[in-house]
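1. what follows is a predicted structure for the sequence shown.
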Amino acid sequence: MVCPTFILSFIRNSRIDSKEKDTVVLSCHVDSNPYPSEFQWFYDDVLLSSQSKYTINDVTRDDAGNYTCTVTTVFYDDTSATDQGIVHLGVQYLSTVNITILPSRINEGDDVDIHCKASGGKPGPHKIELIFKDESLATNDSQELHHKITDISPGSSGSYQCRAFTNFYDGSEEYSVTQKELVVYYAARLIPGDDREFKAEIGEVVDINCTAHGMPVPSIKWFDANDREISDEGDNFEIRNHQPIGNVITSILSITLADSTYYGSLAKTEITESGEGGVTALSDNAEKTQYADLESTMDGLYMKLQKQSEERIGSGAKDYSDNPENGVYANVENMPGKF
């Protein structure tokens with residue numbers, strides 16, 4: 001009578017290492033005569049299979065532990081012998097990464113703290129990295145890092161990624177990743193165009209563009225020099241507002257020329273903090289204002305766009321240099337309810 005002797009395939013010792021999502025095959029190879037009549041695979045005393053092989057597809061960390069293969073051999077005299085072998089399955093997996101950005105509401109000029117932290121994982125990560133626009137901002141040979149952005153600008157808006165890198169048993173390196181959007185709120189700004197010259201006859205239609213960007217997306221209204229809003233219901237004006245593209249919006253004022261006058265664009269924004277009154281928020285740099293100067297010429301009206309600096313006043317009042325009494329301007333405001 002010979003009791004079966006176990007050789008656990010896959011590897012020769014009693015431990016198998018794997019990574020999550022791998023496929024693991026456990027096999028019993030038995031040296032006995034006659035060949036065993038029964039195979040049984042157990043995990044925590046739960047019967048898994050009655051075959052010599054047991055396959056685990058898409059292995060998870062919950063599959064780690066001890067697996068027992070029990071075999072029974074029946075001899076010529078109807079006696080039997082039973083033996084078993086144990087293999088430990090180790091499952092390696094990536095850590096979980098969290099990213100925190102403070103403050104939760106970020107205005108242009110604020111100082112911002114970004115914190116990346118990895119937890120869990122087997123083995124733990126050996127490096128953590130902060131990525132912005134496919135470039136590395138910071139790395140640390142540990143499970144967390146801190147990064148500070150001082151005097152933040154709108155160009156720092158976007159998606160920030162934290163990546164935690166892990167070296168596995170087979171020499172491979174993989175990383176887990178999480179990302180978070182950072183939004184910088186800022187006052188509306190005009191996008192100045194190139195200087196342009198137009199010639200037009202009285203009665204012709206001239207288009208003047210006002211393009212602005214801001215966060216939230218600005219809205220554009222046209223006003224005359226006396227702060228009277230221009231509507232597209234008048235005989236001489238038509239306003240076409242385009243759908244925003246990202247945080248950029250364009251408004252076109254079509255004017256049927258009646259006489260010589262001035263036209264311009266002005267950007268400002270009203271930012272209302274929660275629980276507070278309206279506050280006029282304007283950019284630090286002097287913004288450009290575009291004027292269309294229509295002058296009489298022998299062949300009609302001549303219009304030239306000129307750029308003039310305009311200082312902003314906290315109340316939102318306008319202070320023009322060399323500004324004529326008659327004219328129109330575009331008032332650009334951040335849309336309410338977007339903060």
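-> Yep, it's here.
2. where does the stretch 151-300 of the chain dip in pLDDT?
-> Counting by pLDDT under 70, the stretch 151-300 of the chain has low-confidence residues at 192-200, 224-227, 232-235, 258-300.
3. where exactly do the strands run in it?
-> Counting by DSSP state E, counting those that start in this stretch, the stretch 151-300 of the chain forms strands over residues 158-167, 173-182, 184-190, 197-200, 205-215, 218-224, 237-241, 248-256, 266-267, 270-272, 278-280, 287-297, 300-312, given from the N-terminal end onward.
4. without its sequence neighbours, what residue ends up closest to Ser254?
-> With C-beta to C-beta, 6 or more residues apart in numbering as the criterion, Ser254 has its nearest non-adjacent residue at 4.1 Å, and that residue is Glu238. For every residue, glycine as well, the C-beta is placed using N, CA and C.
5. try Asn140
-> In this structure, Asn140 finds its nearest non-sequential neighbour in Ile128, 5.4 Å apart by C-beta to C-beta, 6+ apart.
6. do Phe168 as well
-> Once chain neighbours are set aside, the closest to Phe168 by C-beta to C-beta, 6+ apart is Gln92, at 5.3 Å.
7. need phi/psi at that neighbour.
-> Comment: the main-chain dihedrals of Gln92 come out as phi -100, psi 150, following degrees, to the nearest 10.
8. follow-up on the earlier one: count of residues packed around the residue nearest to Asn140?
-> 24 (other C-beta atoms under 10 Å).
9. where does it land in three-state SS?
-> What DSSP: H, G, I helix; E, B strand; the rest coil gives for Ile128 is strand.
10. show me what contacts it?
-> For Ile128, the contacting residues are 97, 116-118, 139-140, 142-145, 162-165, taking C-beta atoms under 8 Å, 6 or more residues apart in numbering as the criterion.
11. after the helix or strand hosting Val30, next one along is what?
-> Val30 is part of strand 24-31 when elements are defined by DSSP states H and E. Using DSSP H and E, the helix or strand that follows strand 24-31 towards the C-terminus is strand 38-43.
12. who's in contact with that following strand?
-> Judged by C-beta under 8 Å, 6+ apart, the contacts made with strand 38-43 from elsewhere in the structure are 26, 28, 47-52, 54, 65-72.
13. can you tell me the strand partners of that strand and which way each runs?
-> Strand 38-43 has the following strand partners under DSSP bridges: strand 46-49 (antiparallel), strand 65-74 (antiparallel).
14. pretty sure Met215 is touching Arg189, no?
-> No. Proximity of Met215 to Arg189 does not meet the contact threshold set by C-beta atoms under 8 Å, at 10.4 Å.
15. so how far is Phe75 from the residue nearest to Asn140?
-> If you measure Ile128 against Phe75 using C-beta to C-beta, to the nearest Å, the figure is 61 Å.
16. kindly report the same for Thr178.
-> Between Thr178 and Phe75 the computed distance is 60 Å (C-beta to C-beta).
17. with Thr55 instead?
-> 30 Å.
18. what's the answer for Phe165, then?
-> Computed with C-beta to C-beta, the distance linking Phe165 and Phe75 is 56 Å.
19. neighbour count winner among those two?
-> Neighbour comparison, Phe165 and Phe75: the larger count goes to Phe165, with 19 against 13 (by other C-beta under 10 Å).
20. with Thr256 as the reference, measure out to that one.
-> Distance, Phe165 to Thr256, by C-beta to C-beta: 65 Å.
21. over to Val87?
-> Relative to Thr256, Val87 is positioned 88 Å away (C-beta to C-beta).
22. neighbour count winner among those two?
-> Each of Val87 and Thr256 has its neighbours counted (other C-beta under 10 Å); Val87 has more, 22 against 14.
23. what's the helix or strand for the more buried one?
-> Under the criterion of DSSP H and E, Val87 resides in strand 80-92.
24. who are the packing partners of that strand?
-> Other helices and strands packing on strand 80-92, by 3 or more C-beta pairs under 8 Å, 6 or more residues apart in numbering; DSSP states H and E, are strand 5-8, strand 15-19, strand 24-31, strand 65-74.
25. which non-adjacent residue is nearest Thr60?
-> Closest residue to Thr60 apart from its sequence neighbours, by C-beta to C-beta, 6+ apart: Glu20 at 5.7 Å.
26. now do Glu108
-> Using C-beta to C-beta, 6+ apart, the nearest residue to Glu108 is Tyr186, at 4.0 Å.
27. burial measure for the one you found, as a count.
-> Around Tyr186 sit 25 other residues, with neighbours defined as other C-beta under 10 Å.
28. likewise Val74?
-> Applying the criterion other C-beta under 10 Å, we find 13 residues in the vicinity of Val74.
29. identify the bridge partners of it.
-> Ser80.
30. quick one on the thing from earlier: show me the contacts of Ile128 that map onto strands.
-> Using DSSP state E, the members of these that fall within strands are 97, 116-118, 139-140, 144-145, 162-165.
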